[in-house]
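*Asks:* Mind folding the following:
(one chain, ligands or ions: 2)
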Amino acid sequence: MTVSVTWHGHATLSMDVSGTKVLIDPFFTDNPLCNVEADQVNAAFILITHGHGDHVGDAVSIAERCDSLVISNFEICSWMTAQGHEKVHAQHIGGGYQHPFGHVKLTLAFHGSALPDGSYGGMPAGFLLTVEGKKIYIAGDTALFSDMQLIGQAGLDLAVIPIGDNFTMGPDDAIQAVKFLNAKAVIPYHYNTWELIEQDVAAWAERVQSEGDTAVFGLKIDEPYTL
Ligand code: NI
Ligand code: MN
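*Replies:* Ligands and ions are numbered 1, 2, ... in the order given. Purely as a prediction, here's the structure:
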């Protein structure tokens, strides 16, 4: 009964839930921070927050090779089906479902969601996961929003939030997000991939730890954080 979360650079995460492999936003190919090849990973489940290329990434090829169940919003699941991968489970914002590895609820995210070929990707999302009794919030690409306080009321063991600025909330708003979410631990992501979203993550981590009780993890790529 263990859960570990690993950041692979940008917004690419993998989760090991007592041996079951779950990928979130599997952007390996052309991810400047990533050391892992798309054809080296395995996934029983693939979760996709929104349609942008840096999140859909290698989802089609990995899902096909691994026969993964893809979990996302209705529009992205329909697009996956149109790409030839029919093993999908569509949900939508506010809706939760008990999957074999854990409960997945789609949460609000303030962002866009066009797919790589220009198709409409529906509303972008985050995920509130309940796995092995642990609550994990993965924000996806989003601005700061005050309803993060409601998500925090779930009693989070871990929150994964963007800090890169420009496309998502930046370091200052992410500090406020940490306060709203009140998680035991936070992993910052969606930064340093490109010059446009370069951030001093060590300075950000110090601010988080000086202003509250939330621990900061995942600052090293490919280093699993065990909950
Ligand atoms: Ni995006
Ligand atoms: Mn992005």
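*Asks:* Now do residue 1, the pLDDT please.
*Replies:* Reported pLDDT at residue 1 in the predicted model: 80.
*Asks:* for residue 211, same thing?
*Replies:* Turning to residue 211, the model gives it a pLDDT of 89.
*Asks:* Quick check: it touching residue 172?
*Replies:* No. Using CB atoms under 8 Å, residue 211 makes no contact with residue 172, being 11.6 Å away. Where C-beta positions appear, they are placed from N, C-alpha and C, glycine not excepted.
*Asks:* In a helix, residue 60, correct?
*Replies:* Yes. Assessed by DSSP: H, G, I helix; E, B strand; the rest coil, residue 60 belongs to a helix.
*Asks:* Just to check, residue 205 is in contact with residue 219?
*Replies:* Yes. Residue 205 lies in contact with residue 219 (CB under 8 Å); the separation is 6.5 Å.
*Asks:* shared neighbours of the two, anything?
*Replies:* Residues within reach of residue 205 and of residue 219 at once, by CB atoms under 8 Å, 6 or more residues apart in numbering, are residue 188.
*Asks:* out of those two, which sits in the busier spot?
*Replies:* residue 205 (18 against 14; other CB atoms under 10 Å).
*Asks:* Who are the contact partners of that one?
*Replies:* 188, 216, 219.
*Asks:* got the buried residues for whatever helix or strand residue 76 lives in?
*Replies:* Residue 76 belongs to helix 74-82 when assigned by DSSP states H and E. Within helix 74-82, the residues that count as buried by 16 or more other CB atoms under 10 Å are 75-80.
*Asks:* List just the nearest of those to ligand 1.
*Replies:* residue 76 (12.3 Å; CB to the ion).
*Asks:* ok, the closest one - contacts?
*Replies:* Counting by CB under 8 Å, 6+ apart, residue 76 touches 48, 50-51, 56, 70, 113, 115, 121-122.
*Asks:* Spatially, which two of the residues you listed are the most separated?
*Replies:* 70 and 113 (15.1 Å; CB to CB).
*Asks:* Thought residue 7 was touching residue 15, still the case?
*Replies:* No. If you go by CB under 8 Å, residue 15 and residue 7 don't touch, sitting 10.7 Å apart.
*Asks:* coming back round to it: show me what the following helix or strand past the helix holding residue 76 is packed up against.
*Replies:* Tracing the chain C-terminally past helix 74-82 and defining elements by DSSP H and E, one meets strand 88-91 next. Counting contacts by 3 or more CB pairs under 8 Å, 6 or more residues apart in numbering; DSSP states H and E, strand 88-91 is packed against strand 69-73, helix 74-82, strand 96-99, strand 102-108.
*Asks:* Give me the contacts around the first one.
*Replies:* Meaning strand 69-73. By CB under 8 Å, 6+ apart, the residues outside strand 69-73 that reach it are 44-50, 59, 63, 76-77, 80, 85, 87-93, 99, 104, 106, 113, 121-123, 125.
*Asks:* Return the distance of the nearest residue to residue 3 once chain neighbours are set aside relative to residue 85.
*Replies:* Distance criterion CB to CB, 6 or more residues apart in numbering; nearest residue to residue 3, sequence neighbours excluded, is residue 227 at 4.7 Å. From residue 227 across to residue 85, the span is 30 Å (CB to CB, to the nearest Å).
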